[in-house]
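Chemist: here is the input, now give the coordinates:
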Amino acid sequence: MKCTECQTECIEGALFCEECGAKIGTASQLIDAAGTMADKGTALKLASTGGGMLDIPDKDEVVIGREDPISEVFPDVDLTDLGGMENGVSRKHAVIHRSGTDYTVEDMGSTNGTYINKKRIQPHVPQAIKAGDEVRFGKLAFSLEAA
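Modeler: The predicted structure is shown next:
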């Protein structure tokens, strides 16, 4: 299937374009993804545009970034193996905060920014996220899903 925004060929069933981050899933797929969080509780996963799934640890604060043993940086969710360095992910890129059943994402002053549904968020200002949202760290895009 092709992205309607940039014409990139995308993986069948993808909800977001891996190149530009545009929503390419059908309305029913996005609604199903949004409804899943309410049905299954509060645990979260990040679904990569390449089809991989990353579990968000069951903690109130989860650091997203790239591992760097030399600088002694070991984030809770390491995006190195997904091309984090090549796609502009900082070592300590963002933090996902949990408060009860609500989640926010906070950019930690990363070089290439954090985006929610294609809108760059301000550094150090937590923004609400929910199932069905696209969250992008640098150029790496994920859809937020219930676990």
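Chemist: which ones are touching F137?
Modeler: By CB atoms under 8 Å, 6 or more residues apart in numbering, the contact set of F137 is 64-65, 79, 84, 89, 93-94, 110, 112, 114. Using the backbone N, CA and C atoms, a C-beta is placed for each residue, glycine as well.
Chemist: sketch out the low-pLDDT regions of the protein for me.
Modeler: 1, 10-19, 21, 24-43, 147 (pLDDT under 70).
Chemist: measure the residue in the chain sticking out farthest from the centre to A47 for me?
Modeler: Most distant from the centre of the chain: I70, at 25.5 Å, with distances by CA atoms, centre = their mean. According to CB to CB, to the nearest Å, I70 and A47 sit 30 Å apart.
Chemist: likewise D60?
Modeler: D60 is 22 Å from A47, by CB to CB.
Chemist: among those two, which residue is more densely surrounded?
Modeler: A47 (19 against 10; other CB atoms under 10 Å).
Chemist: who does the helix or strand hosting that one touch, helix- and strand-wise?
Modeler: Using DSSP states H and E, A47 sits within strand 44-48. Under the contact criterion of 3 or more CB pairs under 8 Å, 6 or more residues apart in numbering; DSSP states H and E, strand 44-48 touches strand 53-55, strand 140-146.
Chemist: and those strands: which comes nearest V125?
Modeler: When the helices and strands packed on strand 44-48 are compared by CB to CB, strand 140-146 sits nearest V125, at 18.4 Å.
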